[in-house]
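>>> Structure of the sequence below:
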Amino acid sequence: MHTFHEFLSSFHLWRDPIIVAAFTGGICGFLGVYIILRRIVFVSVALTQVSSFGVILAFYLQTLTLNSVSLLVDPFIFSVVITTIAALFFALKKSYFPVSQEAMIGFGFIVASALLLIMSGWVDEGIHEVQNVLFGSAVVVEPLEVFLIPLNAILVFIIHVILFKDLLFVSYDTELAKLYNYPVVLLNVVLYLTIAVVLALSTRAMGALPVFALLILPAMFSFQLLENIKAIFVLSVLIGVISAILGYYFSFELSLPTGASIAFCCSLLFLISFILREIKIFLLSLFRNI
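Next up, the predicted model:
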């Protein structure tokens, strides 16, 4: 078994992946608060699967094109474009849909999942590459990802800081926001698009499983323990970053798959939040009885 000193001494091998994972964990933790508030967890599941399909589609198209053309078929671009289209589709409610929006989201998830599995046998990388996309290798990241993912996280955060009050109000009570003439549709589009872009870029770098875990579980952790919404955002970001870094450490220490290790750390911290919540409730009731 490795030691913590060995992990630090080999940090140059982990530096770039940890940078990518930390920024991904932070921005996913932030966006996850909106997802829990709006109860749209299934939307994030569907978009994650669509993003994975976009990556595999890019790999497949690269096998069909000439070398000079295949350079233009970039997994980043395809994943972002396809996930953005899906996000717009989910965000813009159409009255002519014969079924509910939730049903259409389920339809998108099923189609993306089916195409992902079908096309996995058509790409040169095969099932190994599909497993990396779904579950995350996250051991080696490309230089572009080290620059692009932190930049994207910062830009998304700035957008949400500017629109924070509006997005929060619409997330709490959409119908009341409409009565006050808030641009609900536009705000929904902004939220869904920022989630889509973060998911598309992060899934290519880390895999769908760890990204989905970072998007949902840190926010759930925070809602378990806190009531102040600003504190919930801050704690969710911190838990996202901590989960990502701990995932890499335990992956190194125990020779575990990195993506699965990150997802497990998120899950473990979420379970710990139940214990902390019970302790909090017990202490509050104790003080009230004094």
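>>> which helices and strands does the strand or helix carrying residue 48 pack with?
Secondary structure assigned from DSSP states H and E places residue 48 in helix 41-64. On a contact count with 3 or more C-beta pairs under 8 Å, 6 or more residues apart in numbering; DSSP states H and E, helix 41-64 meets helix 11-38, helix 75-91, helix 101-119, helix 126-135, helix 184-206, helix 208-225. Quick note: C-beta positions are derived from backbone N, CA and C, even for glycine.
>>> Mind putting these into JSON lines with mean neighbour count and distance to residue 166?
Formatted as JSON lines, the helices and strands packed on helix 41-64 follow (neighbours: other C-beta atoms under 10 Å; distance: least, C-beta to C-beta, whole Å):
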{"stretch": "helix 11-38", "mean neighbour count": "22", "distance to residue 166": "12"}
{"stretch": "helix 75-91", "mean neighbour count": "21", "distance to residue 166": "15"}
{"stretch": "helix 101-119", "mean neighbour count": "16", "distance to residue 166": "21"}
{"stretch": "helix 126-135", "mean neighbour count": "18", "distance to residue 166": "34"}
{"stretch": "helix 184-206", "mean neighbour count": "23", "distance to residue 166": "6"}
{"stretch": "helix 208-225", "mean neighbour count": "26", "distance to residue 166": "19"}
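>>> Could you export those as CSV, including mean pLDDT?
Converted to CSV, those look like this (pLDDT from 0 to 100):
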stretch, mean pLDDT
helix 11-38, 88
helix 75-91, 78
helix 101-119, 76
helix 126-135, 55
helix 184-206, 87
helix 208-225, 91
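>>> nearest to residue 156, of those?
helix 184-206 (4.8 Å; C-beta to C-beta).
>>> Now do the closest one against helix 208-225, angle only.
120 degrees (axes from the mean of the first three to the mean of the last three C-alpha atoms, to 10 degrees).
>>> Now do the contacts for residue 276.
224, 225 (C-beta atoms under 8 Å, 6 or more residues apart in numbering).
>>> And for residue 172, the neighbour number?
12 (other C-beta atoms under 10 Å).
>>> OK, contacts around it?
Contacts of residue 172 by C-beta under 8 Å, 6+ apart are residue 37.
>>> Grab the CA positions of stretch 219-237 and hand them over as PDB.
The C-alpha trace of stretch 219-237 is given here as PDB (Å, rounded to 0.1, in the frame of the first residue of the first chain):
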ATOM      1  CA  ALA A 219     -25.500  19.500  -3.000                       C
ATOM      2  CA  MET A 220     -27.500  16.800  -1.300                       C
ATOM      3  CA  PHE A 221     -24.800  16.800   1.500                       C
ATOM      4  CA  SER A 222     -25.200  20.500   2.000                       C
ATOM      5  CA  PHE A 223     -29.000  20.400   2.000                       C
ATOM      6  CA  GLN A 224     -28.800  17.800   4.700                       C
ATOM      7  CA  LEU A 225     -26.900  20.000   7.100                       C
ATOM      8  CA  LEU A 226     -27.700  23.700   6.300                       C
ATOM      9  CA  GLU A 227     -30.700  25.900   5.700                       C
ATOM     10  CA  ASN A 228     -29.100  29.200   4.600                       C
ATOM     11  CA  ILE A 229     -29.000  29.000   0.800                       C
ATOM     12  CA  LYS A 230     -25.700  30.900   0.400                       C
ATOM     13  CA  ALA A 231     -24.000  28.600   2.900                       C
ATOM     14  CA  ILE A 232     -25.400  25.700   1.000                       C
ATOM     15  CA  PHE A 233     -23.800  26.900  -2.200                       C
ATOM     16  CA  VAL A 234     -20.400  27.400  -0.500                       C
ATOM     17  CA  LEU A 235     -20.500  24.000   1.300                       C
ATOM     18  CA  SER A 236     -21.500  22.200  -1.900                       C
ATOM     19  CA  VAL A 237     -18.600  23.700  -3.800                       C
END
